[in-house]
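**Q** Generate coordinates for the sequence data below:
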Amino acid sequence: AGGARPPQSAMHVRTRRTALLCMRVRIRPTAFLRIGALAGLLRSVGGFRLTDDGLVRGRAPNWTDAHSLRTRMAMLLEELRERVLGLVPRRYVVASYDFGNSARLWGPDGVRLELHGHQDQVVGVAFFPSSGDRLLTWSADGTAIAWDVRTGAALRTFRHTGPLQSAQVLRRGRVVGCGGHGCTVWNADSGEQLREFRMPHCRGMEVFPGSDRIIIWGEPDAVVFDVVTGQRICGIAYTRSEGVMTVATSPDGDTVVVGATGEDVFVWSVEICAPIQQLKLSEWPEELKVIGGESLATFSMDGALVLWNMSSGAKLHTLIPPSPTDAGFVYGGVEALPGQRLVSFNFDEAMVWNATSGERIHRFTGPTTSVGGIGVAPGGAALAICGNGGIGLWDVGTGAMLHRGLGAHDRRAGYDPCGVAVGLAAVGSSLGLGPAVPW
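**A** A predicted model of the protein is given here:
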């Protein structure tokens, strides 16, 4: 009875470890069986295998195909392992620009890629939401370019009739870009132009999440279109000569919030194409964002951040009071996060708020000394902040800094990132070009 234990098989050891982990995290062992079955399916369709570091390895997936079955299933496996079991840390790719003619990609393994292809200033970056392998950049030269995140190769160029001010990746494999005198919709894979919407002095556009609707605004009006049928759904007339300045859309596709020069903000119902609520701000609106579906966050030019109930027009919380009248214009903005949360930024800090209680959850400062923009990762788990001290990446849940000072050593070359986007790293991928740089 007191002798040495008999040798245990590798299968026995793995089974015992699995049972212990189940007890620690209170997960039924059947969850492991389901994930094991999914891993076997991945191996059968793509030659993937799960390694000890939690990454999916194997034959390289077809990175040029955004809808590759193997890519999607591998990403699903990593998502399951992370969210259900908490075993795998997220791996992020960060894209940035500084109004030069190129953009930059920062990989999870500390590798930087320069993306050259535009002939004028890059004014925006966004990752394709359906996969972790493509990035969209757009420029004042009137082009938007889709890039291979793994290699930095230009996959497709989309050409607009004027300088692009904004662009987004839509569902159903579409890309839309706006500027000049309207917006153009392209097929994301072929580059074929599908539709064109006219808008004099187009200032921007916003997508209705989960729908095929977009709203385009300029001078003096804003118009809601269906990008699939081309139908004009609602025209929002504005009497002020300067026209619409900022817009927010609701997830249900039926509510749009419009702000212009002046303190008044109007909530419109798209279904009846009429205003249903009017809000009075302390100063002109700089940015508007719908939180959850019922609440509205307004960031004014005096730095005030206020939460409103869109249905009743009642003020819920003043998160940041207005700055003194002699402080001048306050640069900043706000983004929605999952779970009734939002993140705001101004000059030298960013803050995460609980939209229900109005309480501040986290405050992020450094490594930047002047915040130029923020980017939120898919799912809202991470936040990137860029400015004249480089780019920092934070965990939104814990408030911990994940990486700091991306691009800080490039300050001597005049690189000041003023815009940033965060994407999930494609499973098993690594940026293949460019010098290794410290995160």
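
**Q** contacts, neighbours, all on C-alpha from now
**A** Fine.

**Q** With adjacent residues omitted, what lies nearest to E349?
**A** T365 (4.9 Å; Cα to Cα, 6 or more residues apart in numbering).

**Q** Would you mind confirming that the one you found makes contact with V352?
**A** No - between T365 and V352 there is no contact under Cα atoms under 8 Å: 11.9 Å.

**Q** Counting neighbours, go ahead and name the busier of these two.
**A** V352 (24 against 16; other Cα atoms under 10 Å).

**Q** Which neighbours in the sheet does the helix or strand containing the more buried one have, and how are they oriented?
**A** Following DSSP states H and E, the helix or strand that holds V352 is strand 349-354. Strand 349-354 has its sheet partners listed here by DSSP bridges as strand 341-346 (antiparallel), strand 360-365 (antiparallel).

**Q** can you tell which of those strands is closest to A222?
**A** strand 341-346 (25.5 Å; Cα to Cα).

**Q** outside of the closest one, which residues touch it?
**A** 291, 303, 330-337, 350-356, 371, 373-374 (Cα atoms under 8 Å, 6 or more residues apart in numbering).

**Q** where does the stretch 151-300 of the chain dip in pLDDT?
**A** Along the stretch 151-300 of the chain, segments meeting pLDDT under 70 span 239-242.

**Q** residue ranges for the helices of it, please.
**A** With DSSP state H, counting those that start in this stretch, there are no helices along the stretch 151-300 of the chain.

**Q** if we can go back for a sec, got the CA coordinates for the strand holding V352 in PDB?
**A** Extracted C-alpha coordinates of strand 349-354, given in PDB (Å, rounded to 0.1, in the frame of the first residue of the first chain):
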ATOM      1  CA  GLU A 349      -6.800  60.500 -21.000                       C
ATOM      2  CA  ALA A 350      -9.600  58.000 -21.800                       C
ATOM      3  CA  MET A 351     -12.200  56.700 -19.400                       C
ATOM      4  CA  VAL A 352     -14.600  53.700 -19.400                       C
ATOM      5  CA  TRP A 353     -18.000  54.400 -17.900                       C
ATOM      6  CA  ASN A 354     -21.000  52.400 -16.700                       C
END
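
**Q** in that strand, what's buried?
**A** Within strand 349-354, the residues that count as buried by 16 or more other Cα atoms under 10 Å are E349, A350, M351, V352, W353, N354.

**Q** Now tabulate those in JSON lines and tack on distance to A400 and pLDDT.
**A** Shown next, in JSON lines, are these (distance: Cα to Cα, whole Å; pLDDT from 0 to 100):
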{"residue": "E349", "distance to A400": "15", "pLDDT": "85"}
{"residue": "A350", "distance to A400": "13", "pLDDT": "89"}
{"residue": "M351", "distance to A400": "13", "pLDDT": "93"}
{"residue": "V352", "distance to A400": "13", "pLDDT": "95"}
{"residue": "W353", "distance to A400": "16", "pLDDT": "96"}
{"residue": "N354", "distance to A400": "18", "pLDDT": "96"}
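
**Q** Now render these as TSV, adding distance to P321.
**A** Shown next, in TSV, are those (distance: Cα to Cα, whole Å):
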residue	distance to P321
E349	15
A350	15
M351	14
V352	16
W353	14
N354	16
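
**Q** So which of these is the closest to Q165?
**A** Proximity of those to Q165 (Cα to Cα) peaks at A350, which lies at 24.6 Å.

**Q** check contacts around that closest one.
**A** A350 neighbours (Cα under 8 Å, 6+ apart): V343, S344, R363, F364, T365, I385.

**Q** try 10 Å this time
**A** 332-334, 343-344, 362-366, 371, 373-374, 383-385 (Cα atoms under 10 Å, 6 or more residues apart in numbering).

**Q** top of the residues you listed by neighbour count?
**A** Going by other Cα under 10 Å, I385 tops the contacts of A350 with 33 neighbours.

**Q** give me the element that residue is part of.
**A** Using DSSP H and E, I385 falls in strand 382-387.

**Q** now that strand against strand 341-346, angle please.
**A** Orientation check (axes from the mean of the first three to the mean of the last three Cα atoms, to 10 degrees): strand 382-387 against strand 341-346 gives 10 degrees.

**Q** could you give the angle of the following helix or strand past strand 382-387 to strand 382-387?
**A** Moving toward the C-terminus from strand 382-387, the next helix or strand (DSSP H and E) is strand 390-395. Strand 390-395 and strand 382-387 are oriented at 160 degrees to each other (the same axes, to 10 degrees).

**Q** Tell me which residues of the helix or strand that strand 390-395 is followed by come out buried.
**A** The helix or strand immediately downstream of strand 390-395 is strand 401-406, counting by DSSP H and E. The neighbour-count check on strand 401-406 (16+ other Cα under 10 Å) flags M401, H403, R404, G405, L406 as buried.

**Q** May I see those arranged in CSV, with distance to P324 and pLDDT as well?
**A** Shown next, in CSV, are the buried residues of strand 401-406 (distance: Cα to Cα, whole Å; pLDDT from 0 to 100):
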residue, distance to P324, pLDDT
M401, 32, 85
H403, 34, 79
R404, 32, 74
G405, 32, 69
L406, 34, 75
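
**Q** Pick out whichever of those residues sits closest to N101.
**A** Distances from N101 to those, taken by Cα to Cα, are shortest for L406, at 18.9 Å.
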